[in-house]
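> Just a sequence and a predicted model for now, questions to come.
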There are 2 protein chains.
Amino acid sequence: MSHLQQSFTVRFAYNVFFTEKLFTITNPILADFFRQQANETRKKVLFAIDSGVVDTHPNLLADIKAYFDQYADLVELVPDLIIIPGGEVAKNDPKWVELLVDAVDRYGIDRHSYVIGLGGGSILDMVGYAAAISHRGIRHIRIPTTVLSQNDSGIGVKNSVNYRGKKNFLGTFVPPVAVFNDSEFLTTLDDRDWRAGIAEAIKVALIKDATFFEWIEANAAALAARDMETMAYLIHRCAEMHLQHIAGGDPFEIGSSRPLDFGHWSAHKLEQLTNFELRHGEAVAIGIALDSLYSQKIGWLSDADTTRVLATLRTLGFTLYQPMLDADHSEGVLKGLSEFREHLGGRLTIMLLQGIGKGVEVHEIDNDLVRQSIATLKEQEPSVQLA
Amino acid sequence: MSHLQQSFTVRFAYNVFFTEKLFTITNPILADFFRQQANETRKKVLFAIDSGVVDTHPNLLADIKAYFDQYADLVELVPDLIIIPGGEVAKNDPKWVELLVDAVDRYGIDRHSYVIGLGGGSILDMVGYAAAISHRGIRHIRIPTTVLSQNDSGIGVKNSVNYRGKKNFLGTFVPPVAVFNDSEFLTTLDDRDWRAGIAEAIKVALIKDATFFEWIEANAAALAARDMETMAYLIHRCAEMHLQHIAGGDPFEIGSSRPLDFGHWSAHKLEQLTNFELRHGEAVAIGIALDSLYSQKIGWLSDADTTRVLATLRTLGFTLYQPMLDADHSEGVLKGLSEFREHLGGRLTIMLLQGIGKGVEVHEIDNDLVRQSIATLKEQEPSVQLA
């Protein structure tokens, strides 16, 4: 019985650029990227854009066309800018992936051309997936337009769509070739989207970096008041930690650990139970509160630190109790534990806190303590709403 | 204008096992693989099997069930063994990918479970694709049953399906976790499939290893007479070179070079022009002959070596002229050049021969010399058919 051993490594590299007004003709950052990539063949660029961003930025399409007119020697813009409804609907209906694959075929987008996704996390997930499966992977660029996508999902290596209502059931691990975070897009976010994206920064701070949590705690009021400079720092630091985590760990999640999913097992289920009325970040804020209380109840997180976590979330404006958590429905949220395990595969692995900045994985969760944590959130909520 | 740099490597490793009668209960090789992978959770195994193999091996399904019954402590066989029509049809109709994705969902196959594709190259391509996109990648195992898939496509890192008749338009680069080459399956191949798989071995020998070509040349008659030991060596050596090429080069084809595609630009087009009546390997044999003659006409390959290449192909039983190559249709074959460039992206890159064992890339092809090479193949053909 003989065998041959195959083994190789593949290197992936990309930059996450921070800029303002990306499509202003005098802003060279995008043109410079294409100039550095240039070789003997002229590349095509196909855009897929979030309808919500087009609505709040009426000049966006004209700005993109003017920008690429200016730099037509570098790349060829496909003039048909594809507009896709933003939010979860982009991931739920397979027709949007088909529309993009069809455009790749019709416009002759090859493996050295570019597909650019511009919008919130859902659009980026879907566009990245369509690019990843076309011609076994067309280069794709992400231009995230929300806090959440600029500091978390939009800068990472995952893409996906939903299948029969199952979140992220279809997808691949394929990094983008570049990400452009344009802070201008954040100015038009509504308060819920502005706030929701902060939850992932709190999450990464709580499991990895006490100093960053202290900074968020100290700046929570400024963030709630939409101070742009404070937000710019938060996004940059959160993005940096997210990238370090990917590079230093298991980028394509071949093992079963997923430490960045702190607070996420209940969040995914809450999103679904509320028919995605709850934003992902809003659900994560509740998930963080729940798992922090659970960490307190097993004696890991001190009372004082638990209070700090919850207070910071509340100062930012998050509501930490949602009726779907309620006793009558708690089987629903607890069901999220088994679904979470099934999606990741292997053993149940949940991150909890042994202190601020110190996440530790466990493989068992006590349902009664989850119910007690939910009860605590419910008790505390009315006083917050009166405040 | 600041930016963050992301960079990481991902390691991929898998073994290609050579065995005989894989599902005989006393053959421990597959069970050993699962034993080595075992951890605290019991894994599921979902089979997708080529209908052609089921037809020629009537005991296969019972053997698989008996084997997994024996090793039920290691893995859990999903008893619904999925049968899929073999050949290109499996890649042409999207319903087969949907069927598999649906089975992954229905049977709760997670990222630590296994999908096993068993069959010819088309089935393996399709099953690998379905596994790669489900849950962002379920572990997949390949059991190739043809010469071609055992020495080439089935042991590599690509998977794909066709889209609207465009070959491999949708796909990903995702290596299997293991490949099991069972020589028993080769005994029931018809002569065309037996022969067709040899073309890829000749290809890799011609561009990389003169010694291996000399071996094939010396053993062409034994291969044509279906000597199994000779075939076993050919497959092992070809597989070894194929794996080395992937590991030593650009496994996920991020650049535009694709040296292993020697003889393939016309082959892909010929397959399509003959509605896939021509097997892939049969088309590659013609493509090798064509590009060898072209190499001769530009003064790169000596007359003697050109004759050796063509004679070896003919001894193996390949027909080196196909009417679709004919003058009236030659625009059709030449159109394969631009389609080849478009699929790969970037510059046209074609491998030619500067000698036996020495492939060299060029970026331009002279259409007239292609037509002259086709004419030479046509002239030579009648004498071969009379022989």
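Perfect, I can see it now.
> Give me the pLDDT for A:Asn15.
Looking at A:Asn15, its pLDDT reads 97.
> between the longest strand belonging to chain A and strand B:2-19, how big is the angle?
Longest strand in chain A, counting residues (DSSP state E): strand A:2-19. With axes from the mean of the first three to the mean of the last three Cα atoms, to 10 degrees applied, the angle from strand A:2-19 to strand B:2-19 works out at 170 degrees.
> nearest residue to the residue nearest the centre of chain A other than its sequence neighbours?
Most central in chain A under Cα atoms, centre = their mean is A:Ser153, positioned 2.4 Å from the mean C-alpha point. Leaving out its chain neighbours, the residue that sits closest to A:Ser153 by Cβ to Cβ, 6 or more residues apart in numbering or on different chains is A:Gly121, at 4.1 Å. Any C-beta I mention is one placed from the backbone N, CA and C, and that applies to glycine too.
> can I assume the one you found is in contact with A:Leu148?
Yes. Contact criterion Cβ atoms under 8 Å: A:Gly121 and A:Leu148 qualify, at 5.6 Å.
> okay, and the common contacts of these two?
Residues touching both A:Gly121 and A:Leu148 by Cβ atoms under 8 Å, 6 or more residues apart in numbering or on different chains: A:Gly154, A:His280.
> hang on, the earlier thing: ok, now which ones touch the residue nearest to the centre of chain A?
Counted by Cβ under 8 Å, 6+ apart, A:Ser153 has contacts A:Gly121, A:Leu124, A:Asp125, A:Pro144.
> Which helix or strand contains the second one?
By that I understand A:Leu124. Using DSSP states H and E, A:Leu124 sits in helix A:121-133.
> That helix vs helix B:121-133, what angle?
Using the same axes, to 10 degrees: helix A:121-133 against helix B:121-133 is 160 degrees.
> Sketch out the low-pLDDT regions of the stretch 101-250 of chain A for me.
Within the stretch 101-250 of chain A, not a single segment meets pLDDT under 70.
> before we move on, back to that, what lines up beside the longest strand of chain A in the sheet?
strand A:178-182 (parallel), strand B:2-19 (antiparallel) (DSSP bridges).
> ok, and for the helix holding A:Leu124, which residues are buried?
Neighbour counts over helix A:121-133 (16 or more other Cβ atoms under 10 Å in any protein chain shown) mark A:121-133 as buried.
> quick one on the thing from earlier: next secondary structure after the longest strand of chain A?
helix A:29-37.
> just the strands in chain A please.
A:2-19, A:43-50, A:75-77, A:82-84, A:114-119, A:139-144, A:158-163, A:166-173, A:178-182, A:350-355, A:358-362.
> Turn the ones you listed into JSON lines, including mean neighbour count.
Below are the strands of chain A laid out as JSON lines (neighbours: other Cβ atoms under 10 Å in any protein chain shown):
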{"stretch": "strand A:2-19", "mean neighbour count": "17"}
{"stretch": "strand A:43-50", "mean neighbour count": "24"}
{"stretch": "strand A:75-77", "mean neighbour count": "18"}
{"stretch": "strand A:82-84", "mean neighbour count": "19"}
{"stretch": "strand A:114-119", "mean neighbour count": "27"}
{"stretch": "strand A:139-144", "mean neighbour count": "27"}
{"stretch": "strand A:158-163", "mean neighbour count": "23"}
{"stretch": "strand A:166-173", "mean neighbour count": "21"}
{"stretch": "strand A:178-182", "mean neighbour count": "25"}
{"stretch": "strand A:350-355", "mean neighbour count": "20"}
{"stretch": "strand A:358-362", "mean neighbour count": "16"}
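> Rebuild these as a markdown table, extending it with distance to B:Thr19.
Shown next, in a markdown table, are the strands of chain A (distance: least, Cβ to Cβ, whole Å):
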| stretch | distance to B:Thr19 |
| --- | --- |
| strand A:2-19 | 9 |
| strand A:43-50 | 46 |
| strand A:75-77 | 51 |
| strand A:82-84 | 49 |
| strand A:114-119 | 43 |
| strand A:139-144 | 40 |
| strand A:158-163 | 36 |
| strand A:166-173 | 31 |
| strand A:178-182 | 45 |
| strand A:350-355 | 41 |
| strand A:358-362 | 38 |
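> can I get the strands paired with strand A:2-19 in TSV with distance to A:Asp55?
Below are the strands paired with strand A:2-19 laid out as TSV (distance: least, Cβ to Cβ, whole Å):
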stretch	distance to A:Asp55
strand A:178-182	17
strand B:2-19	29
